[in-house]
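Peer 1: Following is a predicted model, sequence given first.
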Amino acid sequence: MVQCSRLSSMSYTKMVKGIIHSLSVVCIFMGTTSTAFSQNPLYIPDTLSGNVFNLTVQKGTKTFVTGFNTPTFGYNGNILGPTLLINKNDSITLNVTNTIGTSTTVHWHGFHVAPQYDGGPHQIIPNNSTWSPSFRMLNNAGTYWYHPHGENKTEIQVSKGLAGMIIVRDKTEPFVLPRTYGVDDFPLILQTKAFDILYQVATANHEDTLVMVNATVDPFLKVPQQIVRLRLLNGSTDRSFMVGLSDNRAFHIIATDGGLLSAPYQTNRIRLSTGERVEILVDFKNDTIGKQLYLKSYGSELSRGIIGADSVGTSLIVIGEGYHANPLNGADFNLLRLDVGSPSSNPVNSVPVKFNDLELFDTSNVDAYRHIHFSSDTSGFGSQANVDGPFKINGKSFHMDSVNIITYLGSKEIWTLTNSTMVAHPFHIHDIQFNVLDINGQKPTPEYSGWKDVMLVMPGDTIRFITQFTNFSNKIVPYMFHCHLLHHEDEGMMGSFLVLDTNMTRIKDLTFAENIHIYPNPSTQIWTISTTVTSNECKVEVFDAFGKLLDTNPLIRDVGTIEINNSSFQPGVYILRLQYGHTFKTIKLIKN
């Protein structure tokens, strides 16, 4: 009798993945415009520069699979958008015209701009209309990007092609670095996409089996025999990449989300979660002309819990929507073939030893400490919510009519991020760049030592960062903070914050009002104030954000309960002041 050894669950999973991977290659790549044995030249997006940028959000098509035209969206084209080249300190206008038949938004990811120009869900661009934000470029030289951000449409609109890179340049930067776009300085937008049986873009699943760079499947790039700058952007909806080269050679990380590090950092791997950017220098000067190697994602090296790793969750709580059938998860796969060619006319052949020291925030005189907690909606969806969601921030889901945090212009703050779910969440905050203080109490590794606006928070981890809210305030329009897994964002894993200028409100000391409860707050019609103090002993005053006393005629319902009708108020922030005896209490009110 023949005895058969039992496969372990891990071996079985690997075997199934291998079979599925083989079938995927046959079903997908043999049907594409090129077969699995050929390559396509990498598409390098055109550039726009100057002080006025005109972007048309438009419908298009692209053939990912022979015989099927997949509907897409693009900026000024069928898919993706031009690379915007902007000089630091320039005053610019961006005219965004929407023609896709539904509303959209355009968020300038990483930019330090006023909230009304940020492009979040409050800046909707209706179909057949134009939005024209104007602002001065205050960001450091670096790699940023633009993409939709609103109305629960972010995932589908990014998946269908709405994304573009932005390169901010600083004419005063003295370092010798590759800077010739498309010659020794290349934009690389890394994405994976899922498709339905008709090869239309699909969302809300983990079946993203098609890998592309700059919307090019199975791409190759001819690189000069010298040091080359690769600007890597993870533009996927949820997959993280562990990027390295096929021969495991070292490269130098020179910049992260918000610009240059203080010095190049040599490594042979960099993890990129969704929304993150990193600039690396790769040295090809000692390679023979004609040599080929690959930029790869080493998914086998991603830790459990990261979308793209071998597993998310536990043996009992398993992530759904096709995750374990996806051959890319936990696998090493090629992103881009690199073909070494002749050097350019003015090659860069050395890596700077050092850049300028970064003026990082110090931890003295901190104005506020905030705690951001990622949790799962297990009460509504059971333990499966720990891997599939919905997920919440500080126990709440996003609502357009709510403001979660109010801060003040000039406030220096330490934020603590804690993840109690089984999924790693890339946290992104608008308006500012931050410095990571520690990860689980340990000093961050060098790639996290510079300016960041996205940080991946692993399951069970705690990350602290420090930042400061400068230059911009608005009493009505908020900024966003959220998970950058786009399905999570669309499902409500997002919050908003207002930055107020206390010099404008002239009310600087807003004390926490103990034993006072106000509901609802935000409100659309009536604030109800419940206090332990007898109502007829209280003096009730309401001020607008400029410190003007308003005529409110508060209604005393009963002992300890007061109602204020705000139906005639404009949306915004108001200040309630209660006086009883010689005691004053102040608290913020929000009218939607």
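Peer 2: Structure's in. What do you need?
Peer 1: CA atoms for contacts and neighbours, from now on please.
Peer 2: Noted.
Peer 1: pretty sure P174 belongs to a helix, no?
Peer 2: No: P174: not assigned to a helix; according to DSSP: H, G, I helix; E, B strand; the rest coil it is coil.
Peer 1: Tell me how far L576 lies from E563.
Peer 2: 12 Å (C-alpha to C-alpha, to the nearest Å).
Peer 1: can you check I405 too?
Peer 2: Distance from I405 to E563, by C-alpha to C-alpha: 24 Å.
Peer 1: So for these two, which residue has more residues nearby?
Peer 2: More neighbours surround E563 than the other of I405 and E563, with 19 against 14 (other C-alpha atoms under 10 Å).
Peer 1: confidence score at that one?
Peer 2: For E563, the model assigns a pLDDT of 87.
Peer 1: Tell me what it is bridged to.
Peer 2: Beta-bridge pairing for E563 (DSSP bridges): T528, L555.
Peer 1: Does D185 touch I167 like I think?
Peer 2: No: applying C-alpha atoms under 8 Å as the test, D185 and I167 come out as separate, 10.7 Å apart.
Peer 1: Can you tell me the element W415 falls in?
Peer 2: strand 412-419 (DSSP states H and E).
Peer 1: Quick one: list the elements packing against that strand.
Peer 2: strand 368-376, strand 454-457, strand 462-468 (3 or more C-alpha pairs under 8 Å, 6 or more residues apart in numbering; DSSP states H and E).
Peer 1: Within its sheet, name the partner strands of it and how each one runs.
Peer 2: strand 368-376 (parallel), strand 462-468 (antiparallel).
Peer 1: Not counting the longest one itself, show me its contacts.
Peer 2: Read it as strand 368-376. For strand 368-376, the surrounding residues in contact (C-alpha atoms under 8 Å, 6 or more residues apart in numbering) are 385-386, 389-395, 411-421.
Peer 1: Output the longest strand seen in the chain as CSV - backbone C-alpha positions only.
Peer 2: Across the chain, the longest stretch assigned as strand under DSSP state E is strand 52-65. Taking C-alpha atoms only, strand 52-65 is exported to CSV below (Å, rounded to 0.1, in the frame of the first residue of the first chain):
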residue,chain,number,x,y,z
VAL,A,52,-0.6,77.6,-14.7
PHE,A,53,-1.5,73.9,-15.0
ASN,A,54,-4.5,72.8,-17.0
LEU,A,55,-5.8,69.3,-16.2
THR,A,56,-8.9,67.7,-17.8
VAL,A,57,-10.3,64.7,-16.0
GLN,A,58,-11.6,62.5,-18.9
LYS,A,59,-12.8,59.1,-19.9
GLY,A,60,-10.6,56.8,-21.9
THR,A,61,-9.9,53.2,-22.7
LYS,A,62,-6.9,50.9,-22.5
THR,A,63,-6.3,47.4,-23.8
PHE,A,64,-4.8,45.4,-20.9
VAL,A,65,-6.1,42.1,-22.5
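Peer 1: Now do stretch 160-176: distance from first to last residue.
Peer 2: 37 Å.
Peer 1: quick one: buried residues of that stretch?
Peer 2: When neighbours are counted by 16 or more other C-alpha atoms under 10 Å, the buried residues of stretch 160-176 are found to be 160-169.
Peer 1: repeat for stretch 423-442
Peer 2: Quick answer for stretch 423-442 (16+ other C-alpha under 10 Å): 423-439.
Peer 1: for stretch 480-493, same thing?
Peer 2: Applying 16+ other C-alpha under 10 Å to stretch 480-493 flags 480-490, 492-493 as buried.
Peer 1: Let me see the ranges of the helices in the chain.
Peer 2: Listed in chain order, the helices of the chain (DSSP state H) span 9-27, 154-159, 378-381, 385-388, 486-491, 502-505.
Peer 1: What average pLDDT does the strand holding W415 get?
Peer 2: So the average pLDDT for strand 412-419 ends up being 98.
Peer 1: So W108 versus N471, what's the distance?
Peer 2: To N471, W108 is 17 Å away according to C-alpha to C-alpha.
Peer 1: quick one: which of these two has more around it?
Peer 2: Neighbour count, other C-alpha under 10 Å: between W108 and N471, W108 has more, with 23 against 14.
Peer 1: Quick one: residues contacting the more buried one.
Peer 2: By C-alpha under 8 Å, 6+ apart, the neighbours of W108 are 118-119, 144-147.
Peer 1: With S240 instead?
Peer 2: Per C-alpha under 8 Å, 6+ apart, neighbours of S240: 234, 271-274, 306-308.
Peer 1: Please apply the same query to V499.
Peer 2: So V499 contacts 406-409, 469, 472-475, 478 (C-alpha under 8 Å, 6+ apart).
Peer 1: Low-confidence stretches in the stretch 1-150 of the chain?
Peer 2: 1-38 (pLDDT under 70).
Peer 1: Show me where it has its strands.
Peer 2: 40-41, 47-49, 52-65, 68-75, 83-87, 91-98, 107-109, 129-131, 134-136, 142-147 (DSSP state E, counting those that start in this stretch).
Peer 1: Reformat those strands as a markdown table; add distance to L177.
Peer 2: Listed next are these as a markdown table, based on distance: least, C-alpha to C-alpha, whole Å:
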| stretch | distance to L177 |
| --- | --- |
| strand 40-41 | 25 |
| strand 47-49 | 19 |
| strand 52-65 | 26 |
| strand 68-75 | 29 |
| strand 83-87 | 16 |
| strand 91-98 | 25 |
| strand 107-109 | 24 |
| strand 129-131 | 35 |
| strand 134-136 | 25 |
| strand 142-147 | 13 |
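Peer 1: So for T532, which of those strands sits nearest?
Peer 2: T532 sits nearest to strand 107-109 of all these, at 44.9 Å, using C-alpha to C-alpha.
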